[in-house]
Structures are given as C-alpha cells and as structure tokens.
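**Student:** Fold the following for me, if possible:
(one chain, ligands or ions: 1)
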Amino acid sequence: MRAPAARAVALACLAAFASACTNDTQPFPSAADAPVRLDTHIDIPLDYATAATDPLTADLQVNLTKMAAGGLDAGFFIVFVGQTARTPEGYAQAAADAETKFAAIHRMAEQLYPDRIELAYSADDVSRIASRGKLVAVIGVENGYSLGPNLERLDRFYELGARYVGLVHDGDNDLARSARPSAALGDPDAATGVTPLGAEAIARMNRLGIMVDVSHGGKQTALDAMRLSAAPVIASHSGIAGVNVHPRNMDDETLLALKADGGVVQVVAFDAYLKQQPEEKAAAVRALRQSVGFTGGTRLSSLPTEQRATYDAALRDIEARWPAATVADLVDHIDYAVKLIGVDHVGIASDFDGGGGVTGWADAAETANVTAELTARGYSREDIDKIWSGNLLRVWREVERTASQLSAASN
Ligand SMILES: [Zn+2]
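**Tutor:** This is a model prediction of the structure:
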C-alpha cells in the first residue's frame, strides 16, 4: 500500500509542479482570478517604442516577451527625468523628455502591441485587463522636476495616464528635499522636506487621484508627504534601512509612520540598497565603464560585439569578486518590513532598466523566483498576493476614493 500511496503523492506533486510551470511559461496569463504580479518601477530609455527599441524584444531587462515568460503581469512604466539646473532651459528639456516617454508608452500599448498590453487608468483596470490575458501597463512619473514650477502640468500628466508621481529624484527640486542632495547643483546642507509648492502639488495630486510617491525623498520629505496628503502615500522603490543603512532606504520611524498612514513600501531589487558593497566594487565598475566609453547616456547594446563581450567578461569577474545581492537579500528586506509594519504595507519593485536587478531576479523572465523565495520563507498564498499587488491596489483605490470625495466636496 505504501508504494502506490507514495506514488500518488509524487504524481500529485508533479501535476502541481506542471501546472505551476505552465502558468509561468505560457505566453500570457489566462486564469480569470489569477493574482496580478505587479512591479511598480520599470524604467524605459528615451528611444523606447521606436525602431531602435522594440518593446517586444528589446535587449532590456523588461520586454513584453520576458514579462510573459516570467509571469510579470503588470508594471508601472516610468516617465523619468534626471535632475539638472532649475533654469528655464532645464525645465523645458525635462518637460520635453517627459512628453517623449509618455508618448512612447502610449505607442507601445496603443499602436505597436494593443493585442498584448493595455494601459490601466484605474486600479480596477489592472485586474480587468489581466483577467483578459493581457499584460498591464501603468504610468508612473519619477521626479516632479518635469512639472517645472507649473503645477497645472499635473492635470496633463493625469490625462496622459500618470497614476503616481515621485516628488523628487537625486538632487533637490522645487517640490522636495532629496535623499541624495546634489552639491554640484548647489543644494543646501539642510534637512528640509516638502516645500510650500510641494504641498500644493500634493493637494492637487489628491484632487486628481494621483498617488504621491516618496521614494528618493529625504526622511523629512517622506514624513511631510504623509502629513500633507489626504490619502495614503507610496514608496514606489525603496530599501529597508533596518537591514542595510543607505540614503535610499527607509528607517523604522518612517516605516512605522507609513503604516499609520495606510501606505505601502515597494521593496526594490537594487543591489547597492539591499547589501553593503565596498567602494572598490563601485570603483572597478566605473573604471570598466570608462574603458569602453560607456556612460549613463549610451546603451550597452550599442557597443560593438567584441567590446561588449570584453565588457561582459570583465563585469562577470567583478561580480565574482564582490557578489551582487540575491533574491534572498531582497526577501530579507521584505521580511524585516513585514515584521515591523505588517504584511498589508509591503510590496515589490524591480527598478529594472534603471539600475535594478539582483542575482535570481535579473530580468522580468525570472519573476517566478521571487514568488518561490516568498513561498520558501513560509508566506501564504494570500500574503504573497497582497505583496505582489493587493496592497498597492488597495492604496490606489483609497487615492481614487479620496479624489472623488474631494471633487464632490468642491462641487
Ligand atoms: Zn529611482
């Protein structure tokens, strides 16, 4: 009797395994009530959705083929602009670059691949689109600098589909203090937070129904944003300082405030935030990049084949000497946050194509490894669903509710 029973169990396991594998490898998710795996931070290059960068197959950490293969159902595609001088020319360039990225995301979803991916404008849209077996694109803005000093642009961003706006990036702007102020841009050495204009921006985002994102903000920026916002805020891609001290990581006091606020921290798979890396590693990477003439503005894929191979080999040597963070490191940060503020306030972001990616979750095709690590740590299916999207969607719905209440009150 024992052998057949054991065999039956083995077969059941195999069947369970096979269906899990099928779910993770079929072209597009199909189950009507399947939980949505949502990544809140995916960067795109300026030439996205042009002949140079095909969203389906581009040599990026995220393309539509990899999303489908890895079971990454939904992603916030990011309209990012880097901080430069707060001059008319700087504002104009930032606004133009933002428009270029908004247009690229719309081109991907509406002209190039409308049968594969669709833009979501509401939290309900995310579930509806995913249940039809399509990938879901949402738009987030990184760095309020692209608003310039003109908050009316927020209305346009909302019309274009922006559903979160990160107040600030590296370097202070007109809205808020950065976690990494820029001496080169003349930022003062003072621990300030959200500016009066930033407070107006938050009020306008509350009225429109745009989530306020505090990632990249300094600690006081995050605390001010929670105090000022009529709806809960998010940290779209941040690490946890209780595991690894870093300017981009949130400390316990800020996380506890976020919990009281009803918000969510999307723990980011970013090597340097997850794990202390020696300065020698950063220096070695910088030297390697310089040796092939690679700067942040150029694309690795544009290097000649031979040079790219040399670069890749040298990078592998560096990684072997100072191993990058892994999926286990990522889940260590998630675990810490869950223990401190509860499973209802924690989510996941990759920062793919913006510096993110860890061993085991190096691109969208490896997304199932994150779920597997959470399962191995004992998280229930229900909790994993909350972490992958339930919490973020809950906050989004609260932001939508607040917007409709504010508009009802003003009519
Ligand atoms: Zn970022």
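**Student:** how much space between the nearest residue to G390 once chain neighbours are set aside and I384?
**Tutor:** In this structure, G390 finds its nearest non-sequential neighbour in P35, 7.6 Å apart by CB to CB, 6 or more residues apart in numbering. Any C-beta I mention is one placed from the backbone N, CA and C, and that applies to glycine too. Distance, P35 to I384, by CB to CB, to the nearest Å: 8 Å.
**Student:** can you check L185 too?
**Tutor:** 41 Å.
**Student:** Neighbour count: the two, which is higher?
**Tutor:** I384 (20 against 16; other CB atoms under 10 Å).
**Student:** doesn't that one fall inside a strand?
**Tutor:** No: assessed with DSSP: H, G, I helix; E, B strand; the rest coil, I384 is helix; it does not lie in a strand.
**Student:** and it, what does it touch?
**Tutor:** Taking CB atoms under 8 Å, 6 or more residues apart in numbering as the criterion, I384 is in contact with P35, T371, L374, T375.
**Student:** Select from these every entry located in helices.
**Tutor:** Filtering the contacts of I384 for membership in helices, criterion DSSP state H, returns T371, L374, T375.
**Student:** pLDDT value on the last one, please?
**Tutor:** In this prediction, T375 carries a pLDDT score of 98.
**Student:** Kindly report the same for D312.
**Tutor:** For D312, the predicted pLDDT is 89.
**Student:** how would you label it: helix, strand or coil?
**Tutor:** helix.
**Student:** Any idea how many residues pack against it?
**Tutor:** 11.
**Student:** Now whatever helix or strand D224 lives in - C-alpha only, PDB.
**Tutor:** Using DSSP states H and E, D224 sits in helix 219-228. Taking Å, rounded to 0.1, in the frame of the first residue of the first chain, the C-alpha atoms of helix 219-228 are listed here in PDB:
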ATOM      1  CA  LYS A 219      13.300  61.300   5.500                       C
ATOM      2  CA  GLN A 220      11.600  64.700   6.300                       C
ATOM      3  CA  THR A 221      10.200  64.700   2.700                       C
ATOM      4  CA  ALA A 222       8.500  61.300   3.400                       C
ATOM      5  CA  LEU A 223       7.200  62.400   6.800                       C
ATOM      6  CA  ASP A 224       5.900  65.700   5.400                       C
ATOM      7  CA  ALA A 225       4.200  64.000   2.500                       C
ATOM      8  CA  MET A 226       2.400  61.600   4.800                       C
ATOM      9  CA  ARG A 227       1.200  64.500   7.000                       C
ATOM     10  CA  LEU A 228       0.200  66.700   4.000                       C
END
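**Student:** and that helix, average pLDDT?
**Tutor:** 98.
**Student:** Going by neighbour count, which residues in that helix are buried?
**Tutor:** K219, Q220, T221, A222, L223, D224, A225, M226, L228 (16 or more other CB atoms under 10 Å).
**Student:** Show the contacting residues for the third one.
**Tutor:** Put plainly, it is T221. So T221 contacts L167, V168, A176, R177, S178, A179, G193, V194, G198, V214 (CB under 8 Å, 6+ apart).
**Student:** Save these as TSV, and put in pLDDT and distance to A287 too.
**Tutor:** Shown next, in TSV, are the contacts of T221 (pLDDT from 0 to 100; distance: CB to CB, whole Å):
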residue	pLDDT	distance to A287
L167	98	34
V168	97	30
A176	97	34
R177	97	32
S178	96	27
A179	96	26
G193	98	37
V194	98	38
G198	98	38
V214	98	34
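**Student:** next helix or strand past the helix holding D224?
**Tutor:** strand 234-240.
**Student:** can you give me the angle that following strand makes with helix 219-228?
**Tutor:** Angle, strand 234-240 to helix 219-228, by axes from the mean of the first three to the mean of the last three CA atoms, to 10 degrees: 150 degrees.
**Student:** For strand 234-240, buried residues please.
**Tutor:** Quick answer for strand 234-240 (16+ other CB under 10 Å): I234, A235, S236, H237, S238, G239, I240.
**Student:** Please name the bridge partners of the last one.
**Tutor:** Applying DSSP bridges to I240 yields these beta-bridge partners: M250.
**Student:** Contacts only, for it.
**Tutor:** So I240 contacts N249, M250, L255, V265, V267, H333, Y336, A337 (CB under 8 Å, 6+ apart).
**Student:** CA atoms only for the strand or helix carrying the fifth one, dumped as CSV, please.
**Tutor:** V267 belongs to strand 264-268 when assigned by DSSP H and E. The C-alpha coordinates for strand 264-268 follow below in CSV (Å, rounded to 0.1, in the frame of the first residue of the first chain):
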residue,chain,number,x,y,z
VAL,A,264,2.9,50.8,1.2
VAL,A,265,6.6,50.5,0.6
GLN,A,266,7.6,48.6,-2.6
VAL,A,267,10.9,47.0,-1.6
VAL,A,268,13.3,47.4,-4.5
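**Student:** Poorly predicted segments of the stretch 251-400 of the chain, please.
**Tutor:** 295-299, 301 (pLDDT under 70).
**Student:** if you set the cut-off to 80 instead, what comes out?
**Tutor:** 293-303 (pLDDT under 80).
**Student:** For the chain, just list every one of the strands.
**Tutor:** 38-43, 74-80, 117-119, 135-142, 162-166, 211-213, 234-240, 249-250, 264-268, 346-349 (DSSP state E).
**Student:** now these in TSV, with distance to G148?
**Tutor:** Output for those, formatted as TSV (distance: least, CB to CB, whole Å):
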stretch	distance to G148
strand 38-43	21
strand 74-80	14
strand 117-119	25
strand 135-142	13
strand 162-166	13
strand 211-213	18
strand 234-240	21
strand 249-250	28
strand 264-268	27
strand 346-349	26
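**Student:** of those, which approaches L151 most closely?
**Tutor:** strand 162-166 (10.7 Å; CB to CB).
**Student:** ok, so what distance separates E142 from A58?
**Tutor:** 20 Å.
**Student:** meant to ask about S291
**Tutor:** On the measure of CB to CB, S291 and A58 end up 25 Å apart.
**Student:** So these two - more neighbours on which side?
**Tutor:** The neighbour count for S291 versus A58, taken as other CB under 10 Å, is higher for A58 (22 against 12).
**Student:** List the contacts of that one.
**Tutor:** Y48.
**Student:** give me phi/psi at it?
**Tutor:** phi -50, psi 150 (degrees, to the nearest 10).
**Student:** Great, nothing more from me.
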